[in-house]
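>>> Make a model of this:
(one chain, ligands or ions: 1)
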Amino acid sequence: MSTVVRPLLGVVDEQCREIVALAREFAEKEIAPHAAEWDATKTCPREVMRRLGELGFMGLKISEEYEGLGLDTLTYLMVLEEVAAADASVSIMLSVHNSLPVSMLEAHGTPEQKERWLKPMARGEVLTAFALSEADAGSDASAIRAQAVRDGDGWVVNGEKAWVTNGDIADLVVMMVRTDSPEDRRGAKGISTFLVPAGTPGLKPGKVEDKMGLRASRTTSLHLSDVRLGPEHLLGQEGQGFIYALSALENGRLGVAAQAIGIARAALEHSIRYAQERRQFERPLADFQAIQFKLADMATRITAARGLAHEAARAQDLGERVTERASMAKLFASETAMWVTTQAVQVFGGYGYMRDYPVERLFRDAKVTEIYEGTSEIQRIVVARGLYSD
Ligand code: CAA
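Numbering: from 1, shown residues only. Take a look at the predicted model:
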């Protein structure tokens, strides 16, 4: 396959090259061949997570002190792209785990919380979920209603979280709930983050959502009925949970950008191969300029999306604040993935509309990248706000 559509490995250091090569080999051999079956059966075997754990991929962003790989953001995004090119469902499980709970625990966990959770997370023994959204609080995330009420030195929590990736298979849920009181609402400052282990009495996953795409990744609601949490479950400071969540979502959005780039790249690579094999009017499709221009535009947009994401990653690795750039990368990459997969279905014609060909799944998988971890409209709001600030 042409290297033009792949990330340039000549411009990264040797450690990055080796990890990306390992990710590509694993993704091509052990994930891609099963992606259609896992999509159809709506499951990804836990064994895959175990293998990813063995390779260190469940601890991509966990510091070495806690047995993770401690990767920089650039390498992390390149690994996610490789996995997403094989199966976007597996990449979102990895991305949610590494971008959201990992970054929140690394940034705000006590030494005891880090010791207890980060090491088994890095080994792949503990899979995590991030629970922010609720049925009536999606884009308007600070409008959540799940409520924690003080009880001695701990809390009792009631409520319902929605659309939680890994919801029924996570061993630990990093959850945002209100800790202000109904009489004294504090908006975004009335939200705190709790570490809620699976199996905590009163915590129950709801039905597994029947989704358009990413069908091998599990998405559920979570019911909380009188869930008792001691002080050791609070992450960071009371009232700071929303800010922690938005800050972690910057990493999440970069992860989704890498996922979208991987989906788009896979769609392009399938299209190039198909255009060379499929003959119409006694010539391969690849000989028609209409197809050549499509493929050239697909490649150009993917490379531009990757450039944006990698620039944001490099800046974050140097300690820069990348709020707007992460949103730009997610916005552009997800809209690129939707556009590229639409073109890919067109290149495949009638076959592209059939489940027997992978571009149909890629098209379905692409859509949610414009929705979750902040819709395209929310990303535009974040970018526009940045334009008006000093
Ligand atoms: N980092 C740190 N702090 C931030 C921040 C960031 N990136 N963005 C905002 N904040 C702070 C603000 O400074 C503010 O604090 P101060 O009052 O001290 O200044 C506080 O957070 C509240 O910010 P806003 O007033 O801007 O909040 P808002 O209610 O206007 O919301 C929003 C802003 C951008 C619309 C935000 O709600 C948002 O991003 N919504 C989208 C929600 C989202 O992305 N959901 C994803 C669900 S999770 C998911 O999809 C995961 C999965 O499983 C796949």
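>>> what's the burial count for the nearest residue to Asp87 once chain neighbours are set aside?
In this structure, Asp87 finds its nearest non-sequential neighbour in Ala35, 4.0 Å apart by CB to CB, 6 or more residues apart in numbering. Bear in mind the C-beta positions are built from the backbone N, C-alpha and C, glycine included. If you count neighbours by other CB atoms under 10 Å, Ala35 ends up with 23.
>>> by contact count, what packs against the one helix or strand Ala35 maps to?
For Ala35, the host element (DSSP states H and E) is helix 35-41. Helices and strands touching helix 35-41, by 3 or more CB pairs under 8 Å, 6 or more residues apart in numbering; DSSP states H and E, are helix 88-99, helix 358-367.
>>> what mean pLDDT would you report for it?
Mean per-residue pLDDT for helix 35-41: 97.
>>> Output the set of residues of this structure in proximity to the ligand.
Within the chain, the positions near the ligand by CB under 6 Å from any ligand atom are 96, 130, 132-133, 139, 141-142, 165, 188, 242-243, 246-247, 249-250, 323, 372-374, 378, 381-382.
>>> hmm, back to that, got the buried residues for the helix holding Ala35?
35-36, 38-39 (16 or more other CB atoms under 10 Å).
>>> Report the two of those residues separated the most.
Farthest apart among these by CB to CB are Ala36 and Trp38. That separation is 7.5 Å.
>>> Bridged to the residue of the stretch 51-200 of the chain found nearest the ligand, which residues?
Of all residues in the stretch 51-200 of the chain, Thr165 sits closest to the ligand, at 3.3 Å by CB to the nearest ligand atom. On the basis of DSSP bridges, Thr165 is bridged to Thr219.
>>> Was I right to think it contacts Ser221?
No. Counting by CB atoms under 8 Å, Thr165 does not reach Ser221; the two are 11.8 Å apart.
>>> Name the residues of the host helix or strand of Arg273 that are buried.
Taking DSSP H and E as the criterion, Arg273 maps to helix 241-277. By 16+ other CB under 10 Å, the buried positions in helix 241-277 come out as 241-272, 274-275.
>>> just checking, next helix/strand downstream of that helix?
Next element after helix 241-277 (DSSP H and E): strand 279-280.
>>> who does that following strand touch, helix- and strand-wise?
For strand 279-280, there is no helix or strand it packs on, judged by 3+ CB pairs under 8 Å, 6+ apart.
>>> any residues touching it, and which ones?
Identification of contacts with strand 279-280 by CB atoms under 8 Å, 6 or more residues apart in numbering yields Leu285.
>>> So for that strand, mean pLDDT?
98.
>>> What confidence value was assigned to Gln113?
98.
>>> quick one: it and His233, what's the gap?
Distance of Gln113 to His233, computed by CB to CB, to the nearest Å: 9 Å.
>>> Looking at the two now, which is surrounded by more residues?
With neighbours defined as other CB under 10 Å, Gln113 and His233 compare such that His233 has more, 21 against 17.
>>> shouldn't that one be in contact with Leu203?
No. Counting by CB under 8 Å, His233 sits too far from Leu203 to count as a contact (11.4 Å).
>>> Overlap of the contact sets of these two?
Residues touching both His233 and Leu203 by CB under 8 Å, 6+ apart: Val196.
>>> what residues are up against the residue lying closest to Gly202 once chain neighbours are set aside?
What sits nearest to Gly202 in space, not counting adjacent residues and going by CB to CB, 6+ apart, is Val227, at 3.9 Å. Going by CB under 8 Å, 6+ apart, Val227 touches 156-158, 196, 200-203.
>>> Show me which of the residues you listed is closest to Pro45.
Pro45 has its nearest neighbour among those in Leu203, at 24.1 Å by CB to CB.
>>> Which pLDDT value goes with that closest one?
Note for Leu203: predicted pLDDT of 98.
>>> That one - how many residues pack around it?
Neighbour tally, Leu203, other CB under 10 Å: 19.
>>> so what's it bridging to?
Using DSSP bridges, the bridge partners assigned to Leu203 are Leu224.
>>> so who does it touch?
Leu203 neighbours (CB under 8 Å, 6+ apart): 173, 196, 222-224, 227.
>>> Can you tell me how far it is from Leu172?
The value you get for Leu203 to Leu172, if CB to CB is used, is 11 Å.
>>> For the protein, which segments are assigned as helices?
In the chain, the segments counted as helices under DSSP state H are 14-26, 35-41, 46-54, 73-86, 88-99, 101-108, 111-123, 241-277, 289-317, 323-348, 358-367, 376-388.
>>> wait, which of the ones you listed is closest to Tyr66?
Nearest of those (CB to CB): helix 111-123, 3.7 Å.
>>> what is the orientation angle of the closest one with helix 88-99?
Per axes from the mean of the first three to the mean of the last three CA atoms, to 10 degrees, the angle that helix 111-123 makes with helix 88-99 is 160 degrees.
>>> Pull out the buried residues from helix 111-123.
113-114, 116-123.
>>> In this structure Val20 contacts Leu9, no?
Yes. Counting by CB under 8 Å, Val20 touches Leu9, with 6.5 Å between them.
>>> for this structure, which spans come out with low pLDDT?
The model of the chain has no residue with pLDDT under 70.
>>> Now the residue in the chain sticking out farthest from the centre. Its backbone dihedrals?
For the chain, the residue at maximal distance from the C-alpha centroid (CA atoms, centre = their mean) is Glu282, at 43.3 Å. As for Glu282, its main-chain torsions (degrees, to the nearest 10) stand at phi 60, psi 20.
>>> Overlap of the contact sets of Gln113 and His233?
Common neighbours of Gln113 and His233 (CB under 8 Å, 6+ apart) are Leu195.
>>> re earlier: buried subset of the contacts of Val227, written for PyMOL?
A single PyMOL command suffices to select whichever of the contacts of Val227 are buried according to 16+ other CB under 10 Å:
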select buried, resi 156+157+158+196+200+203
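>>> can you put the contacts of Val227 in CSV and add distance to Tyr357?
Below are those laid out as CSV (distance: CB to CB, whole Å):
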residue, distance to Tyr357
Val156, 51
Val157, 46
Asn158, 47
Val196, 41
Thr200, 44
Pro201, 47
Gly202, 45
Leu203, 41
